[in-house]
Each structure stands twice: as C-alpha cells, then as structure tokens.
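K.L.:
Turn this into a structure:
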Amino acid sequence: MPDSITLEVCVDNVHGLAAAHEGGAGRIELCSALDIGGLTPGPGLLHAAASSPVPVVAMIRPRGGDFCFDERETRLMLDEIAAVADAGLQGVVLGASTPDGQLDTGTLERLVRRAIDLQLRCTLHRAIDLCPDLAQATRLAVDLGFERILSSGGARSAPDGIEGLQCCFEAAAGRIRIMPGAGISADNVDLLRAHLPLTDVHASCSVPVPKASPQVLAFGFDSGARRQTSSAKVAALKAKLRA
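P.N.:
Purely as a prediction, here's the structure:
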C-alpha cells in the first residue's frame, strides 16, 4: 500500500541519489550545491536520475543568492526546464521573487507555462518563505498552476514555522499540496504531524561530510559545509511518517 505521507528527499550527487533510494524515499528533489539551498543539477546527474524507481523533480535555480532573476537568467531557466523534460524526469521546482519579497508573477507564469507545456509538474520552492503574506502567496501559487508548495512557514525551520504553515494549509483549502521542509528529522516530525494535515514532507536526511584537508580548503575547492544524504536517516524519518 502507498504511504499516506510522501517523503521527498533532496540530494545533490549520485551517492545521495543511491542513499535516498536505499532509505525508501517516496520522491527525490534533484539539485546541485545543496550547501547554498540547491541549484539546477547538471546533465550527468539528470541522466543518472532518469532511471529512478521513484519520481524525481529537479531544482531550477541558475545561481545562489536571492530569487530576483533578470531576463538572461529567466531564459536560462526556460532552457533548464526543457533539459529536465528531455531527461525524462517528472517535474521541476521553481521560484522567483521581486525585490520586496513578493512572488514574481510575470517570471513564474513563463516558467510554469514552459513546464506544463512539456508535461512537467511544478513545485513552488522556498522563495515563498520571503513573502510578507504567506496566505496570499499560496493562493497565487494555485492560480499560477503549481501543484505543490515547499515551505518552512516563513521561519528558518519548519518546526519553528508551524503557525505560518497553518496559514498556508488554510489558504490552500485542498487545492494545492503544502509540503513542510527545512530542519525536519525523525526527532521532530511528530510535532508537525500533531499540528498539520501532512501529505508530503521534505528533508535532506543528511550528515556532515568529513572536513577536507587544510590545503583543499585553503584553495577554495571545498566550502567546509558539505553534507551527504544518509540512508539510515531517510529510513528513520520514513518509519516515523508511517507510524
């Protein structure tokens, strides 16, 4: 029988992809550079994920920093969406903001239209957590054609953002799935289950990577903040969601 709550695990390399499968993830968010919140994965990783036994959605984000994208970056994202479709994945994870933190409806309309035309499902990512009015942003996401929203409720972590997440669920009114994410683990997911009607949960289920050598760090080849997906953490969180 299918799980009542889908566990989506974000990964940024082939080892993370394997660990997510081994731990029993129900869906995978494919990224690069998770240490800065995730960027668009490269063609090799897209190809590696194409044979995944569970659905895979790919982050579309051309750079780190804010989510205020200019025309050149928007055109790049449109091409990246097409690359995801060509790889045979199931969806994309999108977001774009205006300088005041509102959702950039013009840019998002273009991105979502391209994705839907290519038969890709769309998730709105945590750009929504910068919005001053989460309920309004949720309703806008519905109108734009998103089927899922990833959010921490406007807080640094989902367990700290339960009030904001409740606003999202209320505004969604069953028209769009709200997927809490950020800082979720087997140790705290019961708190979210007690307060929210969960259908989806997003987590990295990761552990720190051993520090690189001083020379590698000195040359800037490693940030010193990398993490790696743990199949044991995936399995533990999935068990809590099934309980």
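
K.L.:
drop to CA atoms for contacts and neighbour counts, all remaining ones
P.N.:
Fine.

K.L.:
these two touch, right, residue 57 and residue 93?
P.N.:
Yes. Residue 57 is in contact with residue 93 according to CA atoms under 8 Å; the separation is 6.6 Å.

K.L.:
and the two? which has more neighbours close in?
P.N.:
The neighbour count for residue 57 versus residue 93, taken as other CA atoms under 10 Å, is higher for residue 93 (27 against 24).

K.L.:
Show me what counts as buried in stretch 101-113.
P.N.:
101, 102, 103, 104, 105, 107, 108, 111, 112, 113 (16 or more other CA atoms under 10 Å).

K.L.:
Wait, a helix at residue 109?
P.N.:
Yes. With DSSP: H, G, I helix; E, B strand; the rest coil as the criterion, residue 109 is located in a helix.

K.L.:
Just give me the neighbour total for the nearest residue to it once chain neighbours are set aside.
P.N.:
Nearest non-adjacent residue to residue 109, counting by CA to CA, 6 or more residues apart in numbering: residue 144, 6.3 Å away. Each residue near residue 144 was counted by other CA under 10 Å, and the total is 19.

K.L.:
was I right about residue 144 contacting residue 111?
P.N.:
No. The criterion here is CA under 8 Å, and residue 144 misses it with residue 111 at 9.9 Å.

K.L.:
re the thing from before, between the buried residues of stretch 101-113, which is closest to residue 150?
P.N.:
Checking the buried residues of stretch 101-113 against residue 150 with CA to CA, the nearest one is residue 103 at 13.9 Å.

K.L.:
Which pLDDT value does the model give that closest one?
P.N.:
Note on residue 103: pLDDT of 98.

K.L.:
Can you name the residues bridging to it?
P.N.:
Counting by DSSP bridges, residue 103 is bridged to residue 97.

K.L.:
any idea how far the residue nearest to residue 109 is from residue 213?
P.N.:
Using CA to CA, to the nearest Å, we find residue 144 at a distance of 47 Å from residue 213.

K.L.:
Quick check: longest helix in the protein by residues?
P.N.:
Of all the segments assigned as helix in the chain under DSSP state H, the longest by residue count is helix 71-87.

K.L.:
Buried residues, that one. List them.
P.N.:
Those buried within helix 71-87 under the rule 16+ other CA under 10 Å are 74, 77, 78, 80, 81, 82, 84, 85, 87.

K.L.:
of all the residues you listed, which two lie farthest apart?
P.N.:
Taking CA to CA, no two of these sit farther apart than 74 and 87, at 20.1 Å.

K.L.:
tell me which residues in the helix or strand of the chain with the lowest mean pLDDT are buried?
P.N.:
Within the chain, judged by mean pLDDT, DSSP states H and E, the helix or strand with the poorest mean is helix 214-218; its value is a mean of 87. In terms of neighbour count (16+ other CA under 10 Å), helix 214-218 has no buried residues at all.

K.L.:
need the contact list for the residue of the chain most remote from its centre.
P.N.:
The outermost residue of the chain, judged by C-alpha distance from the chain's mean C-alpha position using CA atoms, centre = their mean, is residue 215 at 32.7 Å. Shown here is residue 215, which makes no contacts under the criterion CA atoms under 8 Å, 6 or more residues apart in numbering.

K.L.:
what about it, distance to residue 10?
P.N.:
According to CA to CA, residue 215 stands 29 Å off from residue 10.

K.L.:
what sits up against stretch 233-243?
P.N.:
Outside of stretch 233-243, the residues within contact range by CA under 8 Å, 6+ apart are 3-5, 7, 9, 19-20, 23-25, 185-186, 189-190, 205-206.

K.L.:
who's in contact with the longest helix of the chain?
P.N.:
40, 43, 46-47, 50, 58, 60-62, 91-92, 107, 111, 114-115, 118-120.
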